[in-house]
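>>> task: produce atomic coordinates for the following.
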Amino acid sequence: MWGRRPVAVLGAVVALLAGCARPGRLDGDQPPPVRAAWVPLSLPAPPGPPGRLLLRDVAACADRWYVVGGVSGADGGTRPAAWVGDGAVWSSLPTVPVTFSGEQHVFSSVACRDDRVAVVGAKSGGVHGNPRTGTWWQGRDGALREVSAPFEQFGGPRAVSVGRMAAGPAGWLVVGSRVDGAVVWVSPDSAAFTLVEGAPGLSGDGRGRTAAYDAVGVPAGWLAVGTLLAAGGVPLAWTSPDGRSWRRAELPGGPGAAQRVAVAADGPVAVGPAGGVFAAWRSGPDGWRRAGGFGVAGPGVPSVVGLTAAGARLVAVTANGADHGLWLSVDSGHSWQAMAMPAAVAHRGDTAVAVASDGDRLLLVADDAEASRAWSVGLAGIDR
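Sure thing, here's the model as predicted:
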């Protein structure tokens, strides 16, 4: 069958999950974290004035890695930045902004298909401090070019959040939320996106407002995940052949939210907080079922901020209000074990961790608010 932004939605999720999350420390019965031989990577300084790198996301396609983020200057200003490499040798991708806000974007999400890449970028500012969000696509010359679009495409009075970019056989898709619930932006080539708002099944209804957090391309079209912001939070998944018509499914074992999704060897796996732990759900011929879960440690409301698959292996990045963590599954989400981070990264508004896999290696980027770093590690032998 299967081959950040305005705080309205975030605040709603926090309120819904606070009641169900009862965090506790990992006890002595838990196995020790998996330790991997992480290798530091060196990314070249991008063209322009010197500054601190802001690494935010990573993706892998066609034997290439893509890392995106930005540069923060001494004056507090920012500009977009992206890199491409084979894991050992890296080079900066040229960026071509077309708006004043685009000149200040920090890239937050990247997706790739074959040898092409597209990204989401944003810059806080303007009226009421709302993000000025846009997308960028890659031309034949390899440069990332800002897509010219009206402000209301991603902003305006109906805007709530713009989330992650995804690529698949059907094209390109960005998930997000507006005042009536979950929305997507679709494109056949990433050169221009169309907003799909108010779609039955995807948008909110009489039961409450929805929010979409992540999506992945599948042979039949698109798979997105999120939540119904009512009844304590109901984890949701949506499928679509074209990004315009959507079918909703509720994931068992709530309350909670499905926040990230990836396609493992046995099919799609979604991960998110539910019932006080991190939960994994698997999709199969009979629909979605709860696959497994792993404990929550720390004082804050838990969230999943990253997920990547390599065969039956899954690596999830979690955040709990205190710090970030890594979790490894080698059986498509049935069982999980903590995985040691290459360096500690606190969880707060100016930090970030992201991970991706090319099937053979993991690449992790992290920003601890003082410096951004990147590491890679081979998957061979990481079997707990």
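>>> which helix or strand lies directly C-terminal to the helix or strand where residue 132 lies?
Using DSSP states H and E, residue 132 sits in strand 131-138. Sequence order places strand 144-146 as the next helix or strand after strand 131-138, per DSSP H and E.
>>> and that following strand, average pLDDT?
For strand 144-146, mean pLDDT is 98.
>>> make residue 1 into 40 and carry on from there
Okay, residue one is now 40; in that scheme the one you just asked about reads as strand 183-185.
>>> so what touches it?
With contact meaning CB atoms under 8 Å, 6 or more residues apart in numbering, strand 183-185 is reached by 119, 121, 132-138, 141, 144, 156, 158, 160, 173-178. Backbone N, C-alpha and C define where each C-beta goes, glycine included.
>>> again, 6 Å this time
Residues from elsewhere that reach strand 183-185 (CB atoms under 6 Å, 6 or more residues apart in numbering): 121, 132, 134-137, 141, 173, 175-178.
>>> need phi/psi at the nearest residue to residue 74 once chain neighbours are set aside.
The spatially closest residue to residue 74, leaving aside those adjacent along the chain, is residue 379, at 4.8 Å (CB to CB, 6 or more residues apart in numbering). The phi and psi values for residue 379, taken as degrees, to the nearest 10, are phi -70, psi 130.
>>> distance of residue 379 relative to residue 414?
Note on residue 379: its distance to residue 414, by CB to CB, to the nearest Å, is 12 Å.
>>> more neighbours: those two, which one.
Comparing residue 379 with residue 414 by other CB atoms under 10 Å, the one with more neighbours is residue 414, at 19 against 15.
>>> mind listing what residue 277 touches?
241, 263, 285, 287.
>>> that one: which element?
strand 273-279.
>>> now the element after that strand, going C-ward?
strand 286-289.
>>> which parts of that next one are buried?
Under the neighbour-count criterion of 16 or more other CB atoms under 10 Å, strand 286-289 has 287-288 buried.
>>> check stretch 206-225 too.
206-207, 209-217, 219-225.
>>> what about the stretch 190-339 of the chain, any weak spots by pLDDT?
Low-confidence segments of the stretch 190-339 of the chain, defined by pLDDT under 70: 336-339.
>>> wait, doesn't residue 319 sit right on residue 331?
Yes. The pair residue 319 / residue 331 is scored as a contact, 5.0 Å apart, by CB atoms under 6 Å.
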